[in-house]
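>>> Need the 3D shape of this:
(one chain, ligands or ions: 1)
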Amino acid sequence: MTSDVKQVAGKSYDYIIVGGGTCGCPLAATLSQDFSVLLIERGSSPYGNPLVIDRRYYGFPLIKTDKYMSVAQSFTSEDGVGNVRGRVLGGSSAINGGFYSRASEEFVCKAGWDKELVKEAYEWVESKVVFPPFYLSPWQSVAEFSILEAGVLPYNGFSLEHIKGTKISGSVFDEFGKRHTSADLLNAGNPNNLTVLLNATVKSIIFHHSSNRNETRAKGIRFIQSNGTLDETYEAYINKAKNSSSKGDVILAAGALGSPQLMMLSGIGPKEQLRRFNISIVHEMKGVGQGMQDNPCIAVLVDSKPQNRLPDPPQIAGITDDFKIIVEASILPLTSNSSRVNVAAKIAMPTSKGMLELNNTDPRLNPSVRFNYLASDDDMEECVKMTKLLERIARSKSIAFFLGESKQEKLTSTDIDLRNFCKKNVRTIYHYHGGCTVGSVVDEHYKVYGIKGLRILDGSTFSESPGTNPMASLLMLGRYQGLKILRERNAESGLNAKEHRK
Ligand SMILES: Cc1cc2nc3c(=O)[nH]c(=O)nc-3n(C[C@H](O)[C@H](O)[C@H](O)COP(=O)(O)OP(=O)(O)OC[C@H]3O[C@@H](n4cnc5c(N)ncnc54)[C@H](O)[C@@H]3O)c2cc1C
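A predicted model of the protein is given here:
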């Protein structure tokens, strides 16, 4: 691990992975088994940073943000909803709630993934960074009782599966309250093959055009120091190989905001967008930045005023019969010595979608994004149902007993009231995705259409969230796709050897 750009500048690797986040780290570890890998991350190391590592500081990165260096980068969508994205090795797995739950079989089927390999990849991740609950905090126990009291049944106890009813899930926090991020998975890589460059932001992809311009191939990246100037750029390249099929790839794993942004900054995207910022067009692609989606969330504060309770990440989930609503509860800090107790629910499969656009050419700044929360009637209807369920939970005897307060007053009365309540109070649960979706920007192997040697692997490729919280599936996807690439390359080298012997 280094922050010295000079150790990397001008060098070549079999694979270059942009973004040391949730998907990028397991991918880098896996590919390094057989190939040289450069993993380049704009943030710093999570190790030794209590805001990341210590459960007692859960939620603090969200309230301690700055423009360039904080581990969470805040942004406000065009809908006016505040949000954050990870900016540290480990990515958003280093700042999130740590709640770990596998995708449903239906989601795996729909994605066209190989079921057995998916299982193997989940198990690999779980053997390293996922923990069963060693104990349930008093608030998580009360959340469990209150969700059951509101009728989200059956009770499933501890399970990593996405099943209807109320369950206790896995977590990336261990029994000592220490967070394990995707960065820990790098320990499973081959240290002789793996270079991790921190505090370096990729500015654009470098392309090679064949002499007849029939083929465009990603041949490297251009990057800057994250605290440097935009003009002082460095380059790293993909290793030259004897034939094009044995070449590696540049793989974007910069997240649902980072990957579409970087595609556009590199000249791949909607023409008008690129022209607006004088970016030379490498490949027109209308789908880049499209299909942005965030799961609408309503959160109800159940305590009457801020208190000094320890932050408490979610560990219980209530999943309704139709799998359309998921309820979780946590205690989040407001300031360094006050916090609020909340119950939150998300619409698992919203239909409203938005888009992402460039608003500057500095890769360190946020692009502009609109999610169009609750724009469709279906989503609004679901939000009304979700708020009714939240009310039942918030007014449960279990919560009143925990707080030592009398049962909450009813918030609203008619469906019209509830619609207005939803419009006014919709927020994020941070599971946003899209922008480079499979079928639109990348094919089923996560290869960018029309460009050789370029793949994308992260939340930007999802056209819907995996029903449940997405971290588990993104960790899994990094491992899964890494294994697929290794197998692909082994099969190719077997074929080449055969050809050679003929
Ligand atoms: C506050 C919060 C709470 C959440 N809680 C949960 C939860 O409890 N359970 C759950 O399952 N999910 C949760 N999520 C969602 C989940 O964490 C994310 O969906 C997931 O981590 C995204 O993974 P990713 O690989 O797509 O992107 P990230 O993990 O965000 O990785 C992208 C990486 O790329 C880097 N990067 C971006 N641009 C560049 C560039 N130009 N050059 C170099 N590096 C770059 C970033 O710094 C980052 O490290 C939460 C998310 C947040 C933000």
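>>> any idea how far the residue nearest to Gly177 when sequence neighbours are not counted lies from the ligand?
Closest residue to Gly177 apart from its sequence neighbours, by Cβ to Cβ, 6 or more residues apart in numbering: Arg55 at 3.6 Å. C-betas here are computed from N, CA, C, even on glycine. Arg55 is 12 Å from the ligand, where distance means Cβ to the nearest ligand atom, to the nearest Å.
>>> From Ile206, how far off is the closest residue to the ligand within the stretch 1-150 of the chain?
Taking Cβ to the nearest ligand atom as the measure, the stretch 1-150 of the chain has Gly21 as its residue closest to the ligand, at 1.8 Å. For Gly21, the distance to Ile206 equals 22 Å [Cβ to Cβ, to the nearest Å].
>>> So between the two, which is more surrounded?
Neighbour totals were compared for Gly21 and Ile206, and Gly21 leads with 35 against 16 (other Cβ atoms under 10 Å).
>>> out of everything not next to it in sequence, what's closest to that one?
Gly91 (2.2 Å).
>>> now the chain, which segments are flagged as low pLDDT?
242-246, 407-412, 494-502 (pLDDT under 70).
>>> Just the terminal-to-terminal distance for stretch 49-58.
Start-to-end span of stretch 49-58 (Cα to Cα, to the nearest Å) is 12 Å.
>>> To clarify, my last question referred to stretch 458-477.
OK, stretch 458-477 end separation, Cα to Cα: 8 Å.
>>> Ok, stretch 345-360 next?
Stretch 345-360: ends 34 Å apart by Cα to Cα.
>>> hmm, that stretch touching the ligand?
No: using Cβ under 6 Å from any ligand atom, stretch 345-360 stays clear of the ligand, coming no nearer than 10.6 Å.
>>> which stretches of the stretch 101-250 of the chain form helices?
Taking DSSP state H, counting those that start in this stretch as the test, the helices found in the stretch 101-250 of the chain are 105-111, 115-129, 138-149.
>>> per-domain residue ranges of this protein.
Following the assignment in the TED database, the chain carries domains at 5-131+177-293+353-373+432-493, 134-168+296-347+375-425.
>>> Please identify the deepest-packed of the ones you listed.
Of the domains of the chain, the one with the most neighbours on average (mean count of other Cβ atoms under 10 Å) is domain 5-131+177-293+353-373+432-493, at a mean of 21.
>>> Quick one: residues contacting the closest residue to Gly10 other than its chain neighbours.
Closest residue to Gly10 apart from its sequence neighbours, by Cβ to Cβ, 6+ apart: Glu235 at 6.7 Å. By Cβ atoms under 8 Å, 6 or more residues apart in numbering, the contact set of Glu235 is 9-10, 206, 220-223.
>>> any chance of the residues you listed in TSV, plus distance to the ligand?
Formatted as TSV, the contacts of Glu235 follow (distance: Cβ to the nearest ligand atom, whole Å):
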residue	distance to the ligand
Ala9	15
Gly10	18
Ile206	14
Gly220	14
Ile221	9
Arg222	10
Phe223	7
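>>> how near is Gly258 to the ligand?
As judged by Cβ to the nearest ligand atom, Gly258 and the ligand stand 3 Å apart.
>>> Who are the contact partners of that residue?
Contact analysis of Gly258 by Cβ under 8 Å, 6+ apart lists 18-19, 85, 252, 458, 460.
>>> For the ligand, tell me which of those residues show up nearby.
By Cβ under 6 Å from any ligand atom, the members of those lying near the ligand are 18-19, 85, 458.
>>> Check the contact between the residue nearest to Gly21 and Gly255; I expect there is one.
Yes: using Cβ atoms under 8 Å, Gly91 is in contact with Gly255, at 6.5 Å.
>>> shared neighbours of those two, which are they?
19, 21.
>>> List the contacts of the closest residue to the ligand within the stretch 101-250 of the chain.
Scanning the stretch 101-250 of the chain for the residue nearest the ligand gives Val202, at 3.8 Å (criterion: Cβ to the nearest ligand atom). Going by Cβ under 8 Å, 6+ apart, Val202 touches 18, 40, 42, 221-223, 254, 262, 363.
>>> List the beta-bridge partners for it.
Phe223 (DSSP bridges).
>>> heads up, I number from 48, so please use that
Happy to do that; since the first residue is 48 now, the last one works out to Val249.
>>> Next one: it relative to Gly71, how far apart?
Using Cβ to Cβ, one gets 12 Å for the distance from Val249 to Gly71.
>>> Equivalent analysis for Ala395, please.
Distance, Ala395 to Gly71, using Cβ to Cβ: 25 Å.
>>> do the same with Leu421
To Gly71, Leu421 is 32 Å away according to Cβ to Cβ.
>>> cool, and Met427?
According to Cβ to Cβ, Met427 and Gly71 sit 36 Å apart.
>>> likewise Asn516?
19 Å.
>>> picking up where we left off before, rebuild the helices of the stretch 148-297 of the chain as JSON lines, extending it with distance to Arg474.
Formatted as JSON lines, these follow (distance: least, Cβ to Cβ, whole Å):
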{"stretch": "helix 152-158", "distance to Arg474": "24"}
{"stretch": "helix 162-176", "distance to Arg474": "28"}
{"stretch": "helix 185-196", "distance to Arg474": "19"}
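>>> Which one of the ones you listed lies nearest to Gly224?
Closest to Gly224 of the helices of the stretch 148-297 of the chain, according to Cβ to Cβ: helix 185-196, at 13.5 Å.
>>> Dump that closest one to CSV, restricted to CA.
Presented in CSV, the C-alpha positions along helix 185-196 are these (Å, rounded to 0.1, in the frame of the first residue of the first chain):
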residue,chain,number,x,y,z
PRO,A,185,-31.3,-3.5,23.9
TRP,A,186,-32.6,-1.3,21.1
GLN,A,187,-32.1,-4.0,18.4
SER,A,188,-34.1,-6.5,20.7
VAL,A,189,-36.9,-3.9,21.0
ALA,A,190,-36.8,-3.3,17.3
GLU,A,191,-37.2,-7.1,16.8
PHE,A,192,-40.2,-7.2,19.2
SER,A,193,-41.9,-4.1,17.7
ILE,A,194,-41.6,-5.3,14.1
LEU,A,195,-43.1,-8.7,15.1
GLU,A,196,-45.8,-6.9,17.1
